[in-house]
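Trainee: With the input below, show me the fold.
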Amino acid sequence: MTRIASSRTAATASRAAGTGSWPVSPEAVRRNYARIRAEVGPAVTVVAATKYVSVEDMAALAEAGVEVVGENRAQDLEAKHAVYGDAFRWHFIGRLQSRKAKIVNRICELCHSLETESAAGRLEIPALVEVNLAGEETKGGVAPDELEGFLALYPEVRGLMTMPPETGDPETSRPYFRRLRELAQAYGLAELSMGTSQDYRVAADEGATLVRVGSVLYA
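Mentor: Got it, this is the predicted structure:
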């Protein structure tokens, strides 16, 4: 049963989680969500990235029929879940701190961003291993040549995730998505979380099973 708390509870939780910077209307989200799902096809799960969506504005996503949301911060995840409960299926898509794993375990069905031994020691739910294919120092993720050893640390790995370098041309992400697919196939992993608002179509073309979209969903 869908559970949404009172507006007073939502306001309190919003102050705890911070104010979102994306104004959200149910009509826009419904229209964009339908278009994105049609573009990527039925085999791809569209994950609505809600890092910049306030607690109050999450109601617009529920009204628009969004099924899966991805949160970046454990404290925001907890605040939003306290209001909306099973109105959504919850994923964690941000950098996972081992001390926050308990929150993620309790709320989420999938973590997209497993990358450290300490987090692997505390996480209990199915996860995707984040792979840093470009070797960017500013991004997290396991190096490709360390992936085999890391996979042995956690039995609940379902697939891989990556974030290519930011670019104005979606096609420049294609080699990274293709490489992630090849790695997943080599290790017998079924799930691929790749593609964001800038390049989700290319990601779907290269075999993504999950795409994480934010601004393109709310525009």
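
Trainee: average model confidence for the longest helix along the chain?
Mentor: Determined from DSSP state H, the single longest helix within the chain is helix 26-40. The average pLDDT for helix 26-40 rounds to 98.

Trainee: From the structure, what's the count of residues near the closest residue to Glu191 other than its chain neighbours?
Mentor: Nearest non-adjacent residue to Glu191, counting by C-beta to C-beta, 6 or more residues apart in numbering: Gly159, 2.8 Å away. For every residue, glycine as well, the C-beta is placed using N, CA and C. Using other C-beta atoms under 10 Å, Gly159 has 22 other residues around it.

Trainee: Is Gly159 in a helix, a strand, or coil?
Mentor: Secondary structure state of Gly159, per DSSP: H, G, I helix; E, B strand; the rest coil, is strand.

Trainee: got a list of what it touches?
Mentor: By C-beta atoms under 8 Å, 6 or more residues apart in numbering, the contact set of Gly159 is 128-129, 184, 189-193, 209.

Trainee: These in strands, which ones?
Mentor: Residues of the contacts of Gly159 located in strands (DSSP state E): 128-129, 191-193.

Trainee: quick check, nearest of those residues to Ile36?
Mentor: Of all the ones in strands among the contacts of Gly159, Ser193 has the smallest distance to Ile36: 15.1 Å, by C-beta to C-beta.

Trainee: Now do the same contact list for the closest one.
Mentor: Counting by C-beta under 8 Å, 6+ apart, Ser193 touches 47, 93, 112, 128, 159-162, 208-212.
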